[in-house]
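S.K.: with the sequence up front, the predicted model follows.
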Amino acid sequence: MTEKALKPIKPFLNYEEQINNLIEQKGMIVNDHKFAVSKLEDISYFALIDGYKNLFYNPMTRKYKEGTTFEDLVALYEFDEKLRTLIFRYLCHFEQKMRSLISYHFCDTYSEKQEDYLNAVHYNNSGANKKKIAALIAILDREAKKSTDHAYVVYQRKTYGNVPMWVIMKTLTFGQMSKMYSFLTTSMKTKISRHFDYVSEKELIQYMKVLTLYRNVCAHNERLFSYKSRFDIPDTILHRKMKLPQNGNKYKCGKNDLFSVVIAF
């Protein structure tokens with residue numbers, strides 16, 4: 001089997017060449033040359049043009065729809081930027097609540113000693129989870145015993161010789177925290193999920209998988225408004241009450257798109 005031939009590498013273009021390409025080759029209207037250069041400097045051609053052209057671009061003709069201006073793409077980018085800021089704010093609220101609940105219920109069940117959250121026995125350490133739990137514990141162990149990136153961790157270590165879970169939780173990423181929740185014992189996951197009405201421990205895992213990916217999109221300034229995650233949130237009473245369109249038994253929207261994040265909130 002022969003390998004598929006690769007396309008020629010796209011050459012580097014300076015700002016003037018990028019703008020000329022948009023005008024002459026792609027049919028875009030650039031009303032303010034200086035403004036266009038400043039935005040390409042601030043955002044980059046790839047992030048702005050390749051990231052937001054889809055609504056304005058005809059892939060068949062490989063040109064922009066008649067009347068499309070450079071300012072149209074900037075306006076869409078800035079709208080998406082405001083949307084990311086709004087969504088990220090509430091993702092952070094949820095993230096902080098989960099950090100608080102996990103550390104509270106873990107310490108209430110075991111203790112405030114770091115040796116407890118470094119003990120695989122205190123997780124759902126089944127065959128399928130063992131390697132992943134070991135990897136998580138290795139991260140926790142490094143943060144508790146060696147990390148110097150967080151002054152509050154160093155203080156706990158030097159002052160008490162112990163870094164409790166409510167401190168170490170602040171060092172974890174959203175994704176790491178999400179995995180930690182999924183590795184907890186069933187009874188502990190249930191205690192935590194009860195803080196969210198009508199959400200089971202399994203459903204909370206589904207929500208966190210989706211919210212983790214959207215959190216990363218917001219944090220890395222990626223295109224948000226049309227992003228779809230590879231995971232779905234559970235069907236909810238809101239899907240049914242809003243009579244969202246379905247394809248068979250599957251909802252066409254509100255499952256892995258931005259609307260699913262709104263439903264989750």
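M.R.: Everything's here; your move.
S.K.: spell out the residue ranges of the helices in this structure.
M.R.: Counting by DSSP state H, the chain has helices at residues 15-20, 33-43, 45, 51-52, 70-109, 114-117, 130-145, 151-160, 165-168, 174-183, 186-193, 201-219, 237-241, 258-264.
S.K.: list the helices and strands the longest one packs on?
M.R.: Okay, so that is helix 70-109. helix 33-43, helix 51-52, helix 114-117, helix 165-168, helix 174-183, helix 186-193, helix 201-219, helix 258-264 (3 or more C-beta pairs under 8 Å, 6 or more residues apart in numbering; DSSP states H and E). From N, CA and C alone the C-beta is placed, and that goes for glycine too.
S.K.: how about the fourth one as CSV, C-alpha atoms only?
M.R.: Going back to what we said before, that points to helix 165-168. The C-alpha trace of helix 165-168 is given here as CSV (Å, rounded to 0.1, in the frame of the first residue of the first chain):
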residue,chain,number,x,y,z
MET,A,165,-5.5,17.2,50.7
TRP,A,166,-7.3,20.5,50.8
VAL,A,167,-3.9,22.1,50.1
ILE,A,168,-2.7,19.7,47.4
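S.K.: let me see the mean pLDDT of it.
M.R.: Mean pLDDT, helix 165-168: 96.
S.K.: what are the contacting residues of it?
M.R.: Helix 165-168 is contacted by residues 100, 102-104, 106-107, 112, 114, 116-117, 140, 143-144, 152-153, 156 when judged by C-beta atoms under 8 Å, 6 or more residues apart in numbering.
S.K.: what is the mean pLDDT for stretch 49-58?
M.R.: Across stretch 49-58, the average pLDDT comes to 95.
S.K.: return the distance of that stretch from the chain's centre.
M.R.: Chain-centre distance of stretch 49-58: 22 Å, with C-alpha atoms, centre = their mean, to the nearest Å.
S.K.: next one: stretch 88-100
M.R.: Remark: stretch 88-100 is offset 12 Å from the chain centroid, using C-alpha atoms, centre = their mean.
S.K.: only C-alpha atoms, please: export it in PDB.
M.R.: Only the C-alpha atoms of stretch 88-100 are listed here, as PDB (Å, rounded to 0.1, in the frame of the first residue of the first chain):
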ATOM      1  CA  PHE A  88     -14.500  30.100  31.800                       C
ATOM      2  CA  ARG A  89     -15.800  32.100  34.800                       C
ATOM      3  CA  TYR A  90     -18.500  29.500  35.600                       C
ATOM      4  CA  LEU A  91     -16.200  26.600  34.800                       C
ATOM      5  CA  CYS A  92     -13.900  28.000  37.400                       C
ATOM      6  CA  HIS A  93     -16.800  28.100  39.900                       C
ATOM      7  CA  PHE A  94     -17.600  24.500  39.300                       C
ATOM      8  CA  GLU A  95     -13.900  23.500  39.400                       C
ATOM      9  CA  GLN A  96     -13.500  25.200  42.800                       C
ATOM     10  CA  LYS A  97     -16.600  23.600  44.200                       C
ATOM     11  CA  MET A  98     -15.300  20.100  43.100                       C
ATOM     12  CA  ARG A  99     -11.900  20.800  44.700                       C
ATOM     13  CA  SER A 100     -13.600  21.700  47.900                       C
END
